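[1] Have a look at this prediction, sequence included:
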Amino acid sequence: MNITGPLRVVEPASETDAASTLAALEQACGDASLPEYVRTLLLQARDALRKAGQAADVERSRYRAVFDAVPDPVSIIDWDGTVLDVNKAGMAAYQRTLDEIVGKPIEFLNPDLPRDHLRPVWESLSRGETYVIEVTNMRADGTRFPVEVHSAGINIDGKMRIVAVARDLSGRHAAELRYRELMETIDKGIVVRDAQGTIIHVNPAAMRILEIRDGATLEEDLRADNWQTFDEHGREVSEMEQPATYALRTGRIVESTVLGFYNKRVRQLKWLSVTCVPQFAAGASSPEQVLSLFSDVTELKRDSALFDRAQALAHIGGWEWDTGRNTLYLTEEARRIVGQEPSPVTIDELMACLREPDRRRLRTALDHALADGRSLNLDLQGWQANGHLFWVRVIGEADTADPLSTHVTGTLQDITERKQAEETLRVQARTDPLTGLLNRDAVLEELETRLSDATLARAAVLYIDLDRFKIVNDVLGHAAGDRLLSAASRRIQRAVGSEGLIARFGGDEFLVICSIGDEPTRPERLADAILEAFSESFRMDGEEFSITASIGIAQAPIDGRRAQQLIQNADVAMYASKRRGRNDWQAFTAELAEQQLQRLQLETHLRRAVINDEFNLVYQPLVQIETGKVVGAEALIRWNNRLLGEMRPDHFISHAETTGDIVGIGGWVLREACQQMRRWLDRGLQLERIAVNVSYRQFLGEDLSGHVRAALAESGLPGSALELEFTERVLIEDAPDTVRTFAALRDMGIVLTIDDFGEGYSALNYLRRLPIHGLKLSQLFVQGVPDRASDVAVCQAVTGIARSLGLGLVAEGIETERQRRFLLDLGVTVGQGFLFAPGLTSEELQAAYPPIKEPR
């Protein structure tokens, strides 16, 4: 390097000489004694010298500006080490003025320099090289700071000088210290390899993660043949494929690669997330070393595997939609749920596998999520690539924090099985399991829906009840009864076809709903078709049964505008058909409505009758047919209402059984009859027992034996003084507690009798199984003897049954002497009826049959 022009290091006399020369030339140019051409030459020399001085001043200013602009301390040093100049950065670094530095030996600034320190400097400079050394400089206050000095040769006015640039290393040393501390304290493993792949440094975290033994060498524990490496799919990774080798070979960074490292020594697999960074020397084109940074993700990998497994077990996957790039990410489980090949990578491709209108629903929900920040939660239906239908619950919300792109993130849950189960349950909830028809709840819903729609509101309900269905249940059992219901439902379906909606309403009752808008007479026509379908007998277990149907018809809107009202009126019409003889249909009328109103009125008064003390008992004597001697009495209820007047038992007993009021009424009769029996006995009336009728509802609805026991205890009667009469309906109901109740009553000594035997179902099986004492021959058959052969045959049969089973027998409804004589000849000894006495008050019975006085 050559620098021309005076520097501060140039001899001070040079500037004085230039000024003296310029003054001498000025004086000579004004000397008139000199020839003209000489003065001209002197003028030219003066001007040239003046310009040269000005140029030198400019160069000095430029040099100084550049010299002082260098941010690092720069010194100009003579061959012998004397400091000739220093820039402003140097003065600031050394905390000294220019005058304090210039002219001093370099040791003044670098007191720790060794002897002959300039020799290697000049040797390097003489070869045209730069000399670099790290030394310690000293400030004016005696403190030191590390510098890296770059020295080069410079030619100033033909003389070789040294220009030395000192780079302050204080910051770098601090950074290197922090770097070393970071390397040693960071919880991530760091392994540094040189260009040949040799490990040159391992930090403590790496030794802990890799379980390098104390005292073992790195070469020994980290030798390649001690390890096997696998990718996440279980494939072994060769040495050339490993991240560190790849980074050294290509000079590229390898980011966050998860690999499994199997330590053969300890037989343990660890999963590491590895990032490898190649490092280059200044000016180099290939890495001089590679730094591998890794963390132990074994637990995370395990948790991730468990999470993936949990997702698969729970059928829940994840999804994320980058709206800016319109890219869709689906987790493995989400891809399985959608079942498309290839998997959707945009939101449009996901929507393409959905059914309409679910596509529009999802698009609308996504639009709202992006516009308003709403979350979305939808159940959607779609098709997999294999044609299978799937249900998926999509949950998501938008993340609008990123100004460049909005992400919508959420979950996909496979709810196919749940939806199929719900559909199955929905069908089951609406379907009668025995017949496959709609059930009660479903038909009520359907009817309400029709009646709420003006275009469908003109509809009719056919209420169908099977006649004598209980005969099959009684004779063949419930299984046969179920088969009969199934067969009956099929006949109704064939008769109705597609013209009506059919349901099993309960028990042996069916409903048909049909439209009458296009054909007003359709209900009657369908009713006739159903009756015709039941004209043929049913065959069950080799037996034939004639099962007919009673049908009630109610039409909307004239007979009702609500489902319950319409069905209730159809039910009223059906019962009217039964009362008329069964196997027929009856349309609901205003007269039936009036009768229904009367029944409701009857029900209202009946429920208050016990409280209002409106009931009373009369007693019909039980007598010995031959002698007329009274052996007992049957308690018969009577009802006298202030508004309705005297009510016959056949007008209100069946209604009370239907509503359940008979339970309370029967309890009152039982207590009152026992109390009256007690009074008669106390007065000396010679009666063996008092008979009380018991409804089947009392067997089903409450603890009958408990109530009987309480009534006996309250009246002080023995059980033998009470006879309970029940109809065959009790036997047919066959409630689980019936046998147990009969046994408890018999244990109390109570006489148990079947009332009106032969009039109902006459199930002989129950006579053998239940602990009963006697039968009462129904007046229905007694009235026809001795003239009607069929009644004679029935009376003979019942008498034979009672005799063969060892049961007592009482004949009801004896009204003529011929009847009495016939029954006496038949062997019947006890009876009751108008021939002997009607129902009497307690006082009338006592007066008619006074106590027999004992002889003194």
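    In hand now; what should we look at? Since we're looking at a predicted model, the values are computed, not measured.
[2] Now do the helices in the stretch 551-700 of the chain.
    Assigned by DSSP state H, counting those that start in this stretch, the stretch 551-700 of the chain shows helices spanning 563-579, 590-609, 649-659, 662-682, 696-701.
[3] could you point out which element follows the lengthiest helix in the chain?
    Counting by DSSP state H, the longest helix found in the chain is helix 36-69. Counting by DSSP states H and E, the next helix or strand C-terminal to helix 36-69 is strand 74-77.
[4] quick one: average pLDDT of the next helix or strand after that following strand?
    Next in sequence after strand 74-77, counting helices and strands by DSSP H and E, comes strand 83-86. In this model, strand 83-86 has a mean pLDDT of 91.
[5] now for strand 83-86, which elements pack on it?
    If you count contacts as 3 or more Cβ pairs under 8 Å, 6 or more residues apart in numbering; DSSP states H and E, strand 83-86 packs onto strand 74-77, helix 98-101. (C-beta placed from N, C-alpha, C; glycine too.)
[6] now the longest helix of the chain: mean pLDDT?
    Here the average pLDDT along helix 36-69 is 73.
[7] what do you get for stretch 121-133?
    For stretch 121-133, mean pLDDT rounds to 85.
[8] Equivalent analysis for stretch 223-237, please.
    Rounded mean pLDDT across stretch 223-237 is 80.
[9] Could you list the buried residues of it?
    Buried positions in stretch 223-237, judged by neighbour count with 16 or more other Cβ atoms under 10 Å: 227, 229, 237.
[10] mind putting these in a markdown table, distance to Thr198 included?
    Listed next are the buried residues of stretch 223-237 as a markdown table, based on distance: Cβ to Cβ, whole Å:
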| residue | distance to Thr198 |
| --- | --- |
| Trp227 | 16 |
| Thr229 | 18 |
| Val237 | 20 |
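[11] can you list the residues you listed in a markdown table and add secondary structure and distance to Ala206?
    A markdown table is the format used below for these (DSSP: H, G, I helix; E, B strand; the rest coil; distance: Cβ to Cβ, whole Å):
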| residue | secondary structure | distance to Ala206 |
| --- | --- | --- |
| Trp227 | strand | 13 |
| Thr229 | strand | 16 |
| Val237 | coil | 19 |
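[12] Which of those sits closest to Glu134?
    Trp227 (39.9 Å; Cβ to Cβ).
[13] now that closest one: how far from Ser238?
    12 Å (Cβ to Cβ, to the nearest Å).
[14] do the same with Glu626
    According to Cβ to Cβ, Glu626 stands 120 Å off from Ser238.
[15] got it, and Ala744?
    Applying Cβ to Cβ to Ala744 and Ser238 gives a distance of 89 Å.
[16] Kindly report the same for Gln268.
    Counting by Cβ to Cβ - Gln268 and Ser238 are separated by 21 Å.
[17] who's more crowded, those two?
    Gln268 (11 against 8; other Cβ atoms under 10 Å).
[18] secondary structure class for the nearest residue to Ser790 once chain neighbours are set aside?
    Leaving out its chain neighbours, the residue that sits closest to Ser790 by Cβ to Cβ, 6 or more residues apart in numbering is Gly784, at 7.2 Å. Following DSSP: H, G, I helix; E, B strand; the rest coil, we place Gly784 in the coil state.
[19] just Ala284 next, same as before
    Here Ala284 is recorded as coil under three-state DSSP.
[20] And it, how close does it get to Glu26?
    Taken as Cβ to Cβ, the span from Ala284 to Glu26 is 63 Å.
[21] ditto for Leu466
    With Cβ to Cβ as the criterion, Leu466 and Glu26 are 151 Å apart.
[22] do the same with Ala247
    76 Å.
[23] Which one's more surrounded, those two?
    Legend: neighbour count by other Cβ under 10 Å for Ala247 and Glu26, higher for Ala247 (22 against 13).
[24] For the closest residue to Gly517 other than its chain neighbours, which residues are in contact?
    Take Gly517 and drop its neighbours on the chain: the residue closest to it by Cβ to Cβ, 6+ apart is Arg458, 4.3 Å away. Arg458 sits next to 515-517, 555-557 when contact means Cβ atoms under 8 Å, 6 or more residues apart in numbering.
[25] Select from those the one having the most neighbours.
    Busiest of the contacts of Arg458 [other Cβ under 10 Å] is Ala556, holding 23 neighbours.
[26] Surely that one and Ala457 touch.
    Yes - applying Cβ atoms under 8 Å, one finds Ala556 in contact with Ala457, separated by 6.0 Å.
[27] Now the common contact residues for those two.
    Leu451.
[28] rewinding a little: now for the longest helix of the chain, which elements pack on it?
    helix 13-29.
[29] if you set the cut-off to 10 Å instead, what comes out?
    helix 13-29, strand 74-77, strand 83-86, helix 88-94 (3 or more Cβ pairs under 10 Å, 6 or more residues apart in numbering; DSSP states H and E).
[30] Just give the number of residues close to Asn386.
    Asn386, neighbours per other Cβ under 10 Å, totals 8.
[31] In the stretch 301-450 of the chain, where is pLDDT below threshold?
    Residue ranges of the stretch 301-450 of the chain with pLDDT under 70: 301-314, 400-405.
[32] those helices in it, which residues are they?
    Going by DSSP H, counting those that start in this stretch, the stretch 301-450 of the chain shows helices at 332-338, 347-352, 358-372, 416-430, 440-452.
[33] how about the CA coordinates for the second one, as PDB?
    Meaning helix 347-352. Taking Å, rounded to 0.1, in the frame of the first residue of the first chain, the C-alpha atoms of helix 347-352 are listed here in PDB:
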ATOM      1  CA  ILE A 347     -62.400 -28.400   2.100                       C
ATOM      2  CA  ASP A 348     -64.200 -28.800  -1.300                       C
ATOM      3  CA  GLU A 349     -63.000 -32.400  -1.600                       C
ATOM      4  CA  LEU A 350     -64.200 -33.100   1.900                       C
ATOM      5  CA  MET A 351     -67.600 -31.700   1.100                       C
ATOM      6  CA  ALA A 352     -67.800 -33.700  -2.100                       C
END
